[in-house]
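*Asks:* Take a look and give me a structure for this.
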Amino acid sequence: MSLEIHVTAVQQSTIPPYAYTQGAAAQSGHELVCAGALRYDVRQVDRVLRACAADLAHLPSHDPPPVCVEGLGTFALGAVEQDWVEALQLGARRQQASGNWVQVIPIDPPSTVDIPDMAKSLGEGPDPVWQWLVRPWNLAVPLESHLVTTLGVLTKSSPPVSIFRWEVDQWEALDSPADQVDRAAVRVTPIGLLSAVVADWSLALSLGVGEGLQRVGSEWMRTR
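*Replies:* The predicted model follows:
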C-alpha cells in the first residue's frame, strides 16, 4: 500500500519558506517538516519530504539513519520541539498536540544558513534568521525586504565581496562580480538572512538606495 500524504508549502515572508506533511503519521507515527533549505525549489522539497516519509515508515523510530534522495542529496531526520510546531502552526490542532514531528535536514550537499535547529526550543533564544517567527518586526526597513544572493554565500563556502541596496526593499550580496555569477545559484531570501552571513549586517541595512559596500581585505568600503 502506497503512502498517501499531503505536503503543504508555506511561502517565505519575514522568515524563510517551509513545508510539512499531513498523513505520514498514519504509517510512521511521525509527520515531517523541512524549514528553510533554499537550495531546493518547492517541487524538490515536496519530493524530499515524500521520500523521507516513505523511508521513515520502515526505519527505527529512535535515531533513524540519514535518507538518500536520488539527485537531491542526503537528509538527516531530527527532533522538533513542540514550540516550533505551535509557532509554525503545523497541521491541525490535534496534530500539534501529538508532538510527533521530525525535521528533515539537508546534510549533503552542505546545508544553507536558513535551516534552524528545531531540536532547540524557541524559549532558549530564537534562531537569528527565524526570530521574527516569535518577535514583532523591529528592523528599520520595509517588512517585505529581501536579499538576492548565492548558494556560496548561503552555505558560507564563499563570503560576499559586495553588498548593494538597489531598491527600498531589495539588497544584493554576491560572492563574485555580478557578470561572473552563476544564475542557477542565485536565490532570493528574506532580508534577515543577512544576519547569518555578514557580521556587521546593520551597516548593510543602513545603505541608501544605490549605495553599496565592497570588501577590501577584511574591511568594507562604501561605494555608489
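*Asks:* What part of this structure, helix or strand, is modelled with the least confidence?
*Replies:* Lowest on mean pLDDT, DSSP states H and E among the helices and strands of the chain sits helix 93-98, with a mean of 47.
*Asks:* longest single helix anywhere in this structure?
*Replies:* The longest helix of the chain (DSSP state H) is helix 42-56.
*Asks:* Show me what secondary structure element comes after that helix.
*Replies:* Using DSSP states H and E, the next helix or strand after helix 42-56 towards the C-terminus is strand 67-69.
*Asks:* ok, and for the helix or strand following that next one, which residues are buried?
*Replies:* Once the chain leaves strand 67-69, the next helix or strand it forms, by DSSP H and E, is strand 73-79. Buried residues in strand 73-79, defined by neighbour count with 16 or more other Cβ atoms under 10 Å: 73, 75-77. Placement of C-beta: from N, CA and C, glycine included.
*Asks:* And stretch 6-19, by the same measure?
*Replies:* For stretch 6-19, by 16+ other Cβ under 10 Å, it's 7, 10, 12, 14-19.
*Asks:* do stretch 144-152 as well
*Replies:* Those buried within stretch 144-152 under the rule 16+ other Cβ under 10 Å are 145-152.
*Asks:* quick one: that stretch to chain centroid distance?
*Replies:* Remark: stretch 144-152 is offset 12 Å from the chain centroid, using Cα atoms, centre = their mean, to the nearest Å.
*Asks:* First-to-last residue distance for that stretch?
*Replies:* 23 Å (Cα to Cα, to the nearest Å).
*Asks:* For that stretch, what does the pLDDT average out to?
*Replies:* In this model, stretch 144-152 carries a mean pLDDT of 97.
*Asks:* Please apply the same query to stretch 73-86.
*Replies:* 93.
*Asks:* can you list contacts of it?
*Replies:* With Cβ atoms under 8 Å, 6 or more residues apart in numbering as the test, stretch 73-86 has contacts from 32-33, 48, 52, 56, 59, 64, 66-69, 96, 99, 101-109, 116-123.
*Asks:* Excluding chain neighbours, what is closest to the residue positioned nearest the centre of the chain?
*Replies:* Per Cα atoms, centre = their mean, the C-alpha nearest to the average position across the chain is that of Gly36, at 1.9 Å. In this structure, Gly36 finds its nearest non-sequential neighbour in Asp114, 3.4 Å apart by Cβ to Cβ, 6 or more residues apart in numbering.
*Asks:* Quick check, the one you found in contact with Ala196.
*Replies:* Yes. Counting by Cβ atoms under 8 Å, Asp114 does reach Ala196; the two are 7.5 Å apart.
*Asks:* tell me the angle of the host helix or strand of Leu32 relative to helix 42-56?
*Replies:* Element membership for Leu32, per DSSP H and E: strand 31-35. For strand 31-35 against helix 42-56, the angle by axes from the mean of the first three to the mean of the last three Cα atoms, to 10 degrees is 140 degrees.
*Asks:* let's have the chain start at 437 instead
*Replies:* I'll keep to 437 as the first residue from here, and by that count the last item is strand 467-471.
*Asks:* Name the residues of strand 467-471 that are buried.
*Replies:* Going by 16+ other Cβ under 10 Å, strand 467-471 has these buried residues: 467-471.
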